[in-house]
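Q: Curious how this folds, go ahead:
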Amino acid sequence: MSERVEDSTVDESFEPTQPNTGESYEPVQVFPDDQTMDLRPGADSCTKCSTCDTNCPVAAVDDEFPGPKFQGPEQWRLKQTDEGEEYTIDDSVMDCSNCMRCDDACPSGVPLSQMHNEARGEYVETEMSKFSRTYWRNRLLANYRTSAKVGTAVPRLANAVLNNSAVQWINETVLGITSEREFPDFATQTFREWWADRGGAAASRENARESRERMGDPADADKQVAYFHGCYSNYNTPEVAKAMVRNFEYFGYEIVVPEQRCSGTPMFANGMLSDARRDAEVNVSSFSDLVDQGYDAICSCTSCSMAIRQEYPELFDIDGLDDVSTHTYEAVEYLRAFEDLEGELADATVEFPDLAYHAPCHGRNQGLERQAVELFRELDGVEVEDVGKSCSGISGTYGWKAEKYETSMKIGEEMFEHMDHAEPETGLTECPTCSMQMEHGSGYEIRHPLEVVEAALIE
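A: Predicted coordinates:
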C-alpha cells in the first residue's frame, strides 16, 4: 500500500486495497457433492458500509430481519471456522425476498444475491425438514410450471376451484398459501397452443419477410430471435406473448419458440437449486444451439432475463451458458437497441389508457428502470407516469406465503400510495408478479409495455 498522504498532497500511485485472492486460506466447499464455488473474495470486498441494508425493502419493514449484509458476506466470513467446527446457516436467509436490490446498491461489487442464493440452497439442503409443510409449500410455489400445466388442461374449472373461498381457506390452513390473494386466471388457450395453431416458425418467417419487404429491408436479412416466454406468459397472460411476436414480426424478425422450462427465478428464491439447475440445463441446451446459428434470446419478463443473464452464470457451470447469457435480452430493450422503435412510435397515434408505471426490481438490476417512461412519454394518445422507486413487495412467491403476506403488503405501501395519487388508473410493468401486486393493492388493470407497442404499431 502507498505511504500516507500528508496534507492535501495527492499520491497518484495510490491504489485501493484489492480483495483477498484466496491464496492464504482453505476454500469453502458450499455443497458437499460437486459444487465448489468460493465467494470469499467477494466477502472480503465488503466494507460494511450497510448501503445494502438501507436499500433492502424487507429490512425496512421487518426489524427482526438482519439484512443482506449479514445474509451475504458476514455469513460467509462465519463459515471460515477451524477444522472440525460447523457453522449452521441462519434460518433468516429464507426471509430474503430475492428482489436483488442489494446487488444494485452495493458500491463495492459484492456478489450479494449470489451469496444469498447459495446460502438458501445450503439451508434447504441441510437444515430444512423435507417433511415440513414449509418445504412442500415452497416446492409447490417454486415449481409453478407443473401446477400451471394441470390448471390449463381444465382452465375454467381450475379458475373456479382455486378462487373458491373454502379452497383458499384450505390452502392457507394446510399449505400456508395466503387466502388474501386471488389466483390469476389460467388462459383457455396457452401461448404455445396459439403459436402452434398459427403455424409456428413457418408462419412467423412468412410474416417477417412481408414486413421486411414493406420496410425495404433485404428479403434475406439476418433477423432471427428465439423467444423465452416463461411460465406466466404461456399459461396466464398469452396476450403479452402474442404482442411480443407481433411486435418483432413488425420489424422483420423471424421467431422460433424452442423447448423450454421455468427460468428458475422462483426456485432460486426458495432455495431449490437442484430444481433450478434441472430446468436451466434444458433451457441452455435449447437456446445454445440457436445462439450458435445466429439467434438472440428474447424474454418478455424481466425476472426471466435476469435469471439467464446473471443468476445462471453465477450458480451453474453448463456447456453453452456463457453464449446464451451474453445473447439474452429483455424484449423492449432489444427493440430499442437494434431498431428505431422510438422513431416508429413518434409517428403513431394510439387510443390507450394513461399509465402508472412501476419498474420491477429485476428490471432495475438490468438498467431498464426508465425504459417504458422514456419510450412512451412522447407517444400521442397516452400519458405515462412513473410511480416511484419502491419495491412492489410481492417478489414472486414471497407474497404468496401466509406468513409473508403482511410484510409484502407493508413493502408495497409506498407503491400503492404513489399509484393512488397518480392521475392514470391503469398500471404498467414488465414483471408478472409485480402486476399481481399492483392490481391487488390498487384495483387497477395492469398492462405490459409490449401491449402498448402493439396497440400503437399494429392494432
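
Q: low-scoring stretches of the stretch 151-300 of the chain, by residue?
A: For the stretch 151-300 of the chain, no stretch has pLDDT under 70.

Q: residue ranges of the helices in it, please?
A: 155-162, 165-170, 191-198, 200-215, 230-235, 238-250, 265-269, 273-292 (DSSP state H, counting those that start in this stretch).

Q: Point out the most buried one among these.
A: helix 265-269 (a mean of 28; mean count of other Cβ atoms under 10 Å). Backbone N, C-alpha and C define where each C-beta goes, glycine included.

Q: how about it as PDB, C-alpha atoms only?
A: The C-alpha trace of helix 265-269 is given here as PDB (Å, rounded to 0.1, in the frame of the first residue of the first chain):
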ATOM      1  CA  THR A 265     -36.500 -17.500 -10.600                       C
ATOM      2  CA  PRO A 266     -39.000 -18.900  -8.000                       C
ATOM      3  CA  MET A 267     -36.600 -21.800  -7.400                       C
ATOM      4  CA  PHE A 268     -33.700 -19.500  -6.600                       C
ATOM      5  CA  ALA A 269     -35.900 -17.600  -4.200                       C
END
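
Q: Show me the domain layout of the chain.
A: Domain assignment of the chain by automatic domain parsing yields the ranges 1-127, 133-175, 191-338, 348-457.

Q: Of the helices of the stretch 151-300 of the chain, which is nearest residue 91?
A: Closest to residue 91 of the helices of the stretch 151-300 of the chain is helix 265-269 (Cβ to Cβ; 15.2 Å).

Q: Just list what that closest one packs against, helices and strands only.
A: If you count contacts as 3 or more Cβ pairs under 8 Å, 6 or more residues apart in numbering; DSSP states H and E, helix 265-269 packs onto helix 112-126, helix 133-142, helix 273-292, helix 302-306.

Q: could you redo the last one with a cut-off of 7 Å?
A: If contacts are counted by 3 or more Cβ pairs under 7 Å, 6 or more residues apart in numbering; DSSP states H and E, helix 265-269 sits against helix 133-142, helix 273-292.

Q: ok, back up a step: can you redo the helices of the stretch 151-300 of the chain as a markdown table with distance to residue 404?
A: Output for the helices of the stretch 151-300 of the chain, formatted as a markdown table (distance: least, Cβ to Cβ, whole Å):
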| stretch | distance to residue 404 |
| --- | --- |
| helix 155-162 | 19 |
| helix 165-170 | 16 |
| helix 191-198 | 29 |
| helix 200-215 | 40 |
| helix 230-235 | 20 |
| helix 238-250 | 26 |
| helix 265-269 | 11 |
| helix 273-292 | 20 |
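
Q: ok, the residue most central in space within the chain to residue 65 distance?
A: A centroid search over the chain (Cα atoms, centre = their mean) returns residue 303, at 1.3 Å, as the residue closest to the centre. Taking Cβ to Cβ, to the nearest Å as the measure, residue 303 and residue 65 are separated by 22 Å.

Q: quick one: contacts for the closest residue to residue 180 other than its chain neighbours?
A: Of all residues not flanking residue 180 in the chain, residue 405 sits nearest, at 5.5 Å (Cβ to Cβ, 6 or more residues apart in numbering). Residues in contact with residue 405 (Cβ atoms under 7 Å, 6 or more residues apart in numbering) are 178, 180, 399.

Q: what's the spacing between residue 405 and residue 411?
A: 11 Å.

Q: same thing with residue 348?
A: When residue 348 is compared with residue 411 (using Cβ to Cβ), they lie 36 Å apart.

Q: Could you report the neighbour count for residue 48?
A: 11 (other Cβ atoms under 10 Å).

Q: ok, now how distant is it from residue 63?
A: When residue 48 is compared with residue 63 (using Cβ to Cβ), they lie 20 Å apart.

Q: go on, residue 274?
A: 33 Å.

Q: same thing with residue 57?
A: Distance from residue 57 to residue 63, by Cβ to Cβ: 14 Å.

Q: Who has more neighbours out of the two?
A: The residue with more neighbours, out of residue 57 and residue 63, is residue 57; 23 against 7, by other Cβ under 10 Å.

Q: Between the two ends of stretch 246-266, how far is it?
A: This stretch, stretch 246-266, spans 28 Å end to end (Cα to Cα, to the nearest Å).

Q: Sorry, wrong one. I was asking about stretch 330-344.
A: With Cα to Cα, one end of stretch 330-344 sits 19 Å from the other.

Q: Buried residues in it, which are they?
A: Across stretch 330-344, burial judged by 16 or more other Cβ atoms under 10 Å covers 330, 331, 332, 333, 334, 335, 336, 339, 341, 344.

Q: chain center to it: distance?
A: 20 Å (Cα atoms, centre = their mean, to the nearest Å).

Q: mean confidence score for it?
A: Over the span of stretch 330-344, the pLDDT mean works out to 96.

Q: Contacts made by it with the rest, please.
A: Counting by Cβ under 7 Å, 6+ apart, 244, 247, 251, 296, 298-300, 302, 305, 366, 368, 371, 375, 430, 449-450, 457 sit against stretch 330-344.

Q: 6 Å - rerun?
A: 244, 251, 298, 299, 300, 302, 305, 368, 371, 449, 450 (Cβ atoms under 6 Å, 6 or more residues apart in numbering).

Q: Name the nearest of the residues you listed relative to residue 133.
A: residue 302 (31.0 Å).

Q: can you pull the contacts of the closest one?
A: 330, 360, 362, 363, 430, 431.

Q: do that again at 10 Å, thanks
A: Residue 302 sits next to 265, 330-333, 359-366, 368-369, 429-432, 434 when contact means Cβ atoms under 10 Å, 6 or more residues apart in numbering.

Q: now it, nearest residue through space, not along the chain?
A: In space, residue 302 is closest to residue 363, 3.9 Å off (Cβ to Cβ, 6+ apart).
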